[in-house]
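I would like to see how this sequence folds:
(2 chains)
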Amino acid sequence: MKFGVVVFPGSNCDHDAYYALGSVLHQPVEFIWHQSENVAGFDALILPGGFAFGDYLRTGAIARFSPVMRAVGRFARAGGPVLGICNGFQILCEAGLLPGALIRNAGLRFVCKHVNIRVETTATPFTAEAERGQVLRIPIAHADGNYFCDDATLAELEANDQIVFRYTTPDGREEAAANPNGSLRNIAGVCNRERNVAGLMPHPERAVEAALGSEDGLVIFRSLVKSLARSAPAVEARERVVVSA
Amino acid sequence: MATASIEIKVTPALAAEHGLSAEEYARIRKILGRDPNFTELGIFSVMWSEHCSYKSSKVHLRRLPTRAPQVLQGPGENAGVVDIGDGLAAAFKMESHNHPSYVEPFQGAATGVGGILRDIFTMGARPIAVLDSLRFGPITSGADSETIARNRRILDGVVRGIAFYGNCFGVPTVGGEVGFEPGYSANPLVNVLALGIAKKEDLFFARARGTGNPVIYAGAKTGRDGIHGASLLASAEFSEESQQKRPNVQVGDPFMEKLLLEACLEAMQTGAIVAIQDMGAAGLTSSSCEMASRGGTGIEIELARVPQRETSMTPYEMMLSESQERMLLVAERGREKQVFQVFAKWGLDAVEIGRVTADGFLRVLHDGRVAAEIPAHALAEEGPVYRRPLNAPVASRSERLVEFSAPGADLTENFRRVLAAPAIASKRWIWQQYDHMVRTNTIEFPGASDAAVVRIKGTRRALALSSDGNGRWCRLDPFTGAQLAVAEAARNVACAGAKPWAATNCLNFGNPEKPEVMWQFSRAVDGIAAACTTLEIPITGGNVSFYNETLGRSIDPTPVLGVLGMIEDASRVLGIAFRSAGDAIVLLDGREAAGVSRENAAREFSSSEYARTICGIEAGAPPAADLAAEKRLIELLVALAGEGALRSAHDVSDGGLAVTLGECCFAANELSARVALEGADPGEFVLFGERGARAVVSVAPEAFARVLAVATECGVAARRIGEVTRGGFRIEYNGHVVVNAGVSSLASIWAEAFESSLGGK
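As a prediction, this is how the structure comes out:
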């Protein structure tokens, strides 16, 4: 089992994701440079936070054209799990691998603080070990985290159980005051229809040790590790697909 | 001037326009043995500017203590470096970007962050933390509405600029401090402290060596921005026309800087780099001549090879440009390809623009023609040094001092007003705009501990950082005020459980040509030297910012001290928050018990935050600095934290004991304090006085005896003054209830005042 952390020019949470997976969860993990077109040998991909290409033009708008994104697309279509965190989420939306868009925060300012997010579905490889309705205390750090999509997409997301996390109060109530950035329906994270690609604005890799103020992000990584362990034979089959693609 | 070509005739009048005095011009002619050409004049004018040459401060800075076993690199390099154990070194330094931040707050502050970050990674160290010490004019009252509105805009722009740069670059902005005084209305202060770590054997220095080695330019292209930033912006007072200096402000690109960081650190790993220096103030000029001077060599560069983003740039413009995000490297001849490959990977320009020579000259060619030829060492090191006249300002006449209330007066309402003062209230609005967590090392968030604390992954250690300074006190008495700045920063890291390890400083003053300003500077340096000597904290570098004046009015003299502290066991770090109801609240006081006369109490109390907020008085004198007492207290705090005897620690500083107690509660979840004090001093003095060498700690009941025993050993008085509770916030003095309020109502005043004073954003 091997994790890949994609590094774009301007990624700055790449080391943090690497550290969380490698040093805290003791999983094999390697960086993947954005020029690489080959992700063979990896069982799960993380697109980390940061400011890929400076977030100039629009968040994720340039990064989606990096060569690695073709490989990420093939990997995802073959069923490989892909998690986008913060800037990674923005890139996955720009690349069309996740529905919707992240626009400027309603407050028009960068916000860095701990928020509470509620697990809306456990039917993803990223939340399988959590409880539905469980509230996680995880930090955010972004200026463009305001999730938006059109009504039809929203209806589809809800009908297909694709909303993975929502901003709530510490006791799990979905209130406007608990929404740090103006996201539509307090949405903090979504997944694709096939459920193997997910993105969220909060940073679970910043909440993996008590020393950092919260360990609530661990459940996301642990879910991924366990689901990979369960599906090890399927992964091998998928690798053949990716390599031959 | 910007479009001038090389043929412009240099005259003494033109030299004067460049800020060079008649004697300085004569000295240039003597060094060269001829008249300088226009490009050479420009080069001398920036290198000999106050900003780059420290010509007025040098003779004073020599009095600072700079040596200690842990110091690997003292002043004189891009940053100071200290040994932090486990084979690691910490590089850290503080710098100002005051004038640019007034002219263009967003870009001025952003490039201030960018500049100091380059100083750190130039040393081979990856930046892991940034702190900002900021000063603005009043934002609530104390000035006319137009000034207040402008001060808010400056504050907003500066905060956004710091956020823009640091967040994108990926360094956590973990702490700092903010102050407000009328003197900063037309001259805000933006002082940025950056910290980086590296393996000791991976440190790099800016010493050009090896005749024939290639000189490589890397990073952003050179443009016409920031020309004369060091000389005209940083080394002159402001007038009404200062807004026209906007083109002298540089423009920052944090993404480019992030690429430059990664490329430089990766290129350093190839082993092909001999020396490296960033192009900060005075750009290509300072980086080339300083590397040559330190290395005892010369450098020859061909400007036609310099990557440019504008056409028809003259040698003058290229040598003086302060375009950001650029580096100058010396590589080993034959291995330059390895360097180029790394920069190409990161999509950055890296071009060989010259070579190291043996003749000691900085030789600048433009299309093969010599555009400038100057002895590098003379240019970098033999600039003018002034022992400027000093003169104590005339002591102010009889001044109005605070009159204390009658014993037993209820001070609750005044306490609320102090909590809402911009200097005291929570700065959450500011630090939530900064990514203070990236790199996942921040183990104490802003406001959670007296110092910012970052752990060092792969070790058990953590580093604590605090930056402090009090301009009001330094105006009243620069010697004492500077001592108190050192003491407070050191006390803060000690409250986090860290042993003070080394210090950097940023000395912000007015026009050094005024004897009163120079006297303030000299006294402040003496104060820092005295405090650092007694507390055994070496100064490893820093920055002097003179000419902080607008329309002839100087700022309050503001030395800011940044103290780095060492924590051996990161799990022993202390926060300020009370932890458990029933714990004892203990006041530690390093001073030997000595009463204060009512007159002296009024005098020192008149310089407090309370006096300003409640009485509208800023007068008297700062509290006396008792450095021996500070040292005892620091040793005690470090010892107690190290053995895990304390639950929390918070020093007594701005706003006095009452504010300290309040903050310990506000940082905790639904905990409060019930405190009973006794004494002969006036109630306000006891609650809101700002005498140093004191800290409030909370202690589990069973640990109190141990705390008392260690305190006695260290010569520090430890008095149990109350208990952590779940009830109301209550302080009694000599049997009278003097403060009594619900803790959550006080907490919300403190938490929301700053934000709502800015318009409820």
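
now stretch A:201-211: buried residues?
Residues A:201-209, A:211 are the ones in stretch A:201-211 that count as buried (16 or more other C-beta atoms under 10 Å in any protein chain shown). (C-beta placed from N, C-alpha, C; glycine too.)

quick one: is it near chain B?
Yes. Counting by C-beta under 8 Å from any C-beta of the partner chain, chain B has neighbours in stretch A:201-211: A:203, A:205-206, A:208-209, A:211.

hang on, the earlier thing: report the two of the buried residues of stretch A:201-211 separated the most.
Across the buried residues of stretch A:201-211, the longest distance by C-beta to C-beta is 23.1 Å; it joins A:Met201 and A:Ala211.

which strands or helices does the helix or strand harbouring B:Leu746 pack on?
Taking DSSP states H and E as the criterion, B:Leu746 maps to helix B:743-757. On a contact count with 3 or more C-beta pairs under 8 Å, 6 or more residues apart in numbering or on different chains; DSSP states H and E, helix B:743-757 meets helix B:412-420, helix B:428-431, helix B:656-666.

please name every helix or strand in contact with the first one.
Okay, so that is helix B:412-420. helix B:609-610, helix B:656-666, helix B:683-688, strand B:736-741, helix B:743-757.

what's the answer for the second one, then?
Packing partners of helix B:428-431 (3+ C-beta pairs under 8 Å, 6+ apart): strand B:173-180, helix B:743-757.

need these in CSV with mean neighbour count, can you?
Rendered in CSV, the data for these read as follows (neighbours: other C-beta atoms under 10 Å in any protein chain shown):
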stretch, mean neighbour count
strand B:173-180, 26
helix B:743-757, 18
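
make TSV out of these and add mean pLDDT.
Shown next, in TSV, are the helices and strands packed on helix B:428-431 (pLDDT from 0 to 100):
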stretch	mean pLDDT
strand B:173-180	96
helix B:743-757	95
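
contacts only, for residue 204.
Reading this off chain A. A:20, A:85, A:136, A:138, A:216-218, A:220-221 (C-beta atoms under 8 Å, 6 or more residues apart in numbering or on different chains).

to clarify, I was referring to chain B.
By C-beta under 8 Å, 6+ apart, the contact set of B:Phe204 is B:122-124, B:268, B:273, B:275-276.

residues contacting residue 143?
I went with chain A, as the question did not name one. Listed by C-beta under 8 Å, 6+ apart, the contact partners of A:Ala143 are A:104-105, A:109-111, B:167.

other chain: chain B
By C-beta under 8 Å, 6+ apart, the contact list for B:Ala143 reads B:137, B:151, B:182, B:185.

which of these sits closest to chain A?
When those are compared for distance to chain A (C-beta to the nearest C-beta), B:Asn151 wins out at 18.8 Å.

and the pLDDT at the closest one?
In this model, B:Asn151 is scored at 96, pLDDT.

A:Ala17: what secondary structure?
Put simply, A:Ala17 is helix when judged by DSSP: H, G, I helix; E, B strand; the rest coil.

so how far is B:Gly642 from it?
A:Ala17 sits 33 Å away from B:Gly642 when distances are taken as C-beta to C-beta, to the nearest Å.

the two: which has the busier surroundings?
A:Ala17 (30 against 16; other C-beta atoms under 10 Å in any protein chain shown).

residues in contact with A:Leu200?
Taking C-beta under 8 Å, 6+ apart as the criterion, A:Leu200 is in contact with A:84-86, A:89, A:117, A:164-165, A:188-189.

try 7 Å this time
By C-beta atoms under 7 Å, 6 or more residues apart in numbering or on different chains, the residues touching A:Leu200 are A:85, A:89, A:164-165, A:188-189.

A:Ala211 too?
Counted by C-beta under 7 Å, 6+ apart, A:Ala211 has contacts B:443, B:455, B:570.

what sits closest to the last one if chain neighbours are left out?
Of all residues not flanking B:Ala570 in the chain, B:Ala462 sits nearest, at 3.9 Å (C-beta to C-beta, 6 or more residues apart in numbering or on different chains).

hang on, that neighbour packs against B:Ala451?
No. Under the criterion of C-beta atoms under 7 Å, B:Ala462 is not in contact with B:Ala451, lying 10.1 Å apart.

the more surrounded of the two?
Ranked by neighbour count (other C-beta under 10 Å), B:Ala462 and B:Ala451 place B:Ala451 first, with 31 against 27.

show the model's pLDDT score for that one.
At B:Ala451, pLDDT is 98.

that one and B:Val563: what is the separation?
B:Ala451 is 8 Å from B:Val563, where distance means C-beta to C-beta.

swap in B:Leu640?
As judged by C-beta to C-beta, B:Leu640 and B:Val563 stand 19 Å apart.

which of these two has more residues huddled nearby?
The neighbour comparison of B:Leu640 against B:Val563 (other C-beta under 10 Å) goes to B:Val563, with 31 against 27.

any idea which element the more buried one lies in?
Assessed by DSSP H and E, B:Val563 sits inside strand B:558-567.

heading C-terminal from that strand, find the next helix or strand.
Toward the C-terminus from strand B:558-567 - assigned by DSSP H and E - lies strand B:584-589.

got a list of contacts for that following strand?
Everything outside strand B:584-589 that qualifies as a contact, by C-beta under 7 Å, 6+ apart, is B:633, B:636, B:673, B:675, B:693-699, B:701, B:704, B:707, B:711, B:716-724.

out of those residues, which are inside helices?
B:633, B:636, B:704, B:707, B:711 (DSSP state H).

state the pLDDT value of residue 75.
Picking chain A for this. Note on A:Phe75: pLDDT of 97.

oops, chain B please
At B:Pro75, pLDDT is 92.

try B:Asn248
Model confidence at B:Asn248, given as pLDDT, is 68.

on that earlier part again, widest-spaced pair of the contacts of A:Ala143?
Maximum distance among the contacts of A:Ala143 (C-beta to C-beta): 14.3 Å, for A:Arg104 and B:Asn167.

the helices in the stretch 351-500 of chain B, which residues?
Taking DSSP state H, counting those that start in this stretch as the test, the helices found in the stretch 351-500 of chain B are B:376-381, B:412-420, B:428-431, B:471-476, B:478-495.

quick one: residues in contact with the first one.
Meaning helix B:376-381. Contact partners of helix B:376-381, identified using C-beta under 7 Å, 6+ apart, comprise B:31, B:44, B:47, B:289-290, B:292-293, B:298-299, B:360-362.

run the last query once more with 8 Å
Against helix B:376-381 from outside (C-beta under 8 Å, 6+ apart): B:31, B:43-44, B:47, B:286, B:288-290, B:292-294, B:296-299, B:360-362.

list, out of these, those positioned next to chain A.
Okay, of the contacts of helix B:376-381, nothing touches chain A (C-beta under 8 Å from any C-beta).

hmm, back to that, most packed of the helices and strands packed on helix B:743-757?
The densest packing among the helices and strands packed on helix B:743-757, expressed as mean neighbour count by mean count of other C-beta atoms under 10 Å in any protein chain shown, is seen in helix B:656-666 with a mean of 24.

how far out from the middle of the chain is that helix?
25 Å (C-alpha atoms, centre = their mean, to the nearest Å).

so what does that helix touch, helix or strand wise?
Other helices and strands packing on helix B:656-666, by 3+ C-beta pairs under 8 Å, 6+ apart, are helix B:412-420, strand B:584-589, strand B:648-651, strand B:672-677, helix B:683-688, strand B:694-699, strand B:729-733, helix B:743-757.

of those, which is nearest B:Ala68?
Nearest of those to B:Ala68, taken as C-beta to C-beta: strand B:648-651 at 23.5 Å.

please determine how far B:Glu678 is located from chain A.
39 Å (C-beta to the nearest C-beta, to the nearest Å).

what's the neighbour count on the residue nearest to that residue when sequence neighbours are not counted?
Of all residues not flanking B:Glu678 in the chain, B:Asn734 sits nearest, at 5.6 Å (C-beta to C-beta, 6+ apart). Counted by other C-beta under 10 Å, the residues lying close to B:Asn734 total 14.
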